[in-house]
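K.L.:
With the sequence up front, the predicted model follows.
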Amino acid sequence: QDFAEWIVITSYLLIPILAFSYKFFVTTVITKWLYDLIILFLFFPFIASFIQSDKKNITKTAAPFLTACFLMGLILFLSFFLKVIDTSYLDPFYLYPFLLELKLPFYLLLIGLAYKVLPPLQTSYFVISARIFSIILILDVFTRFLIYGELTRPAVVSESNYDGVLILVGVVALFTSERTKKFSRDYILFFIAIGLTLSRTCMATFIMLSFFHFLRPSHIRVRYLFFLLVSSLAGLFLLSYRLSDIEDFSTIDRIVMWLSFIDLINTSSWQNLILGYFPGFPLKETDAALQWFITNQSEEVGAEGLHAFNYHSFWLRISATYGLVFTSIVLAYFIKFSFKGRPYFYFSLLIFLQGLTMGTFYLSVNILILSMYFLTLLSRKDFQRTKRPSRFNSELDYEFTR
């Protein structure tokens with residue numbers, strides 16, 4: 001239990017506080033490296049504990065993650081085999097995109113192992129952590145204003161969009177935990193923090209979650225409707241502000257990304273539609289949108305060899321690399337997951353919406369918090385069958401049945 005809590009503390013608080021102390025003097029890329037090191041460190045004790053345990057205890061809930069890793073490896077092998085058969089393997093191969101695409105199966109394996117090794121945390125624990133993180137974010141914006149004389153987007157964990165996801169997990173947890181007198185204060189704090197990120201996707205997700213939560217017959221209150229109205233108006237203002245200086249919408253990277261993917265699907269062979277494209281080889285050579293990404297993102301950061309990792313979307317990345325069949329299975333899993341109850345629905349909605357324009361489970365900065373919260377939801381049913389202190393069971397049951 002303590003080890004599980006320290007994972008959340010490290011990801012939500014320790015690394016952000018450390019990053020806040022050095023970010024004004026060195027590059028923020030170092031923060032991503034810190035998260036990568038923590039993830040690699042966790043893998044070894046997890047795998048050791050898993051090997052030593054009785055394998056008969058592998059539950060049906062944890063099995064999909066381990067199965068997914070095997071299936072993704074099989075898809076990569078088959079897509080590479082087909083690449084060799086049609087002789088197009090003579091195309092230039094780039095190692096960097098290939099290594100980045102291996103992150104997802106590795107993270108899924110880590111979630112499966114964590115499910116076996118770690119106990120779940122109370123959802124209120126994520127609310128407290130997100131509360132402190134939001135304060136750090138607000139301080140970051142205030143400090144930048146004092147230094148530069150203007151309001152700039154925060155980058156506590158290297159990018160504003162990543163900051164927003166960490167806060168949104170706190171929002172989901174807030175809507176799931178026992179309602180206290182601090183609910184309104186936390187909601188307003190999260191609203192301010194999300195607004196300061198200036199993230200269109202994060203604000204849209206925040207509003208959608210608020211709509212589904214507050215427009216329930218048992219939750220309709222005048223002040224909550226006021227919260228919903230204010231957040232919606234603020235979201236519209238944020239959207240118009242972010243789009244006000246854009247003359248050509250076709251230059252927005254998220255739009256370019258989707259146009260490129262649509263063009264890719266329209267010209268893909270049935271093998272690529274089913275199995276995807278082997279990472280490391282160019283997706284295609286003639287595509288105006290794809291060329292825009294190569295020029296403005298891949299080569300700009302020294303990541304030659306454009307592949308699906310340049311699509312800032314979880315759903316597009318797995319579709320391009322593992323095919324539409326595998327993507328449909330993942331989407332069906334979250335749809336089924338969402339029908340288990342409102343806590344599951346809120347998390348599934350978060351993953352679906354953020355996955356449209358962000359990597360979610362691909363992102364080392366966010367994967368620890370997403371995994372630990374996912375673990376809490378997954379473990380509820382199995383932990384009810386084990387012997388736990390009665391207070392723990394009663395609180396956990398209350399959070400998920402209220």
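P.N.:
Good, I have the coordinates.
K.L.:
give me phi/psi at the residue lying closest to Tyr373 once chain neighbours are set aside?
P.N.:
With CB to CB, 6 or more residues apart in numbering as the criterion, Tyr373 has its nearest non-adjacent residue at 5.4 Å, and that residue is Val169. C-beta here means a position set from N, CA and C on the backbone, and glycine is covered the same way. Backbone torsions of Val169, given as degrees, to the nearest 10, read phi -60, psi -40.
K.L.:
Contact partners for Val169?
P.N.:
Val169 makes contact with Phe126, Ala130, Leu350, Ile369, Leu370, Tyr373, according to CB atoms under 8 Å, 6 or more residues apart in numbering.
K.L.:
For Asn272, state which of the residues you listed is nearest.
P.N.:
Nearest to Asn272 among the contacts of Val169: Leu370, at 28.7 Å, using CB to CB.
K.L.:
Please report how far that closest one lies from Ala114.
P.N.:
11 Å (CB to CB, to the nearest Å).
K.L.:
Tell me how far stretch 188-201 lies from the chain's centre.
P.N.:
In this view, stretch 188-201 has its centroid 16 Å away from the chain centroid, taken as CA atoms, centre = their mean, to the nearest Å.
K.L.:
Apart from its chain neighbours, what residue comes closest to the residue nearest the centre of the chain?
P.N.:
For the chain, the residue sitting closest to the mean C-alpha position, by CA atoms, centre = their mean, is Thr360 at 2.3 Å. In space, and not counting its chain neighbours, Thr360 is closest to Phe314: 4.4 Å by CB to CB, 6+ apart.
K.L.:
same deal with Ser260?
P.N.:
Counting by CB to CB, 6+ apart, the residue nearest Ser260 is Ala289, at 3.7 Å.
K.L.:
Check whether Lys284 really touches Thr267, as I assumed.
P.N.:
Yes. Using CB atoms under 8 Å, Lys284 makes contact with Thr267 at a distance of 6.9 Å.
K.L.:
For Phe93, give me the backbone phi and psi.
P.N.:
Dihedral angles (degrees, to the nearest 10) for Phe93: phi -110, psi 140.
K.L.:
Neighbours of it, how many?
P.N.:
15 (other CB atoms under 10 Å).
K.L.:
where does the closest residue to it other than its chain neighbours land in three-state SS?
P.N.:
Spatial nearest neighbour of Phe93, chain neighbours left out: Gly280 (4.9 Å); criterion: CB to CB, 6+ apart. At Gly280 the chain is in coil, as set by DSSP: H, G, I helix; E, B strand; the rest coil.
K.L.:
measure Gly280 to Phe80 for me?
P.N.:
9 Å.
K.L.:
Same check on Ser158?
P.N.:
32 Å.
K.L.:
swap in Leu353?
P.N.:
Following CB to CB, the distance that separates Leu353 from Phe80 is 33 Å.
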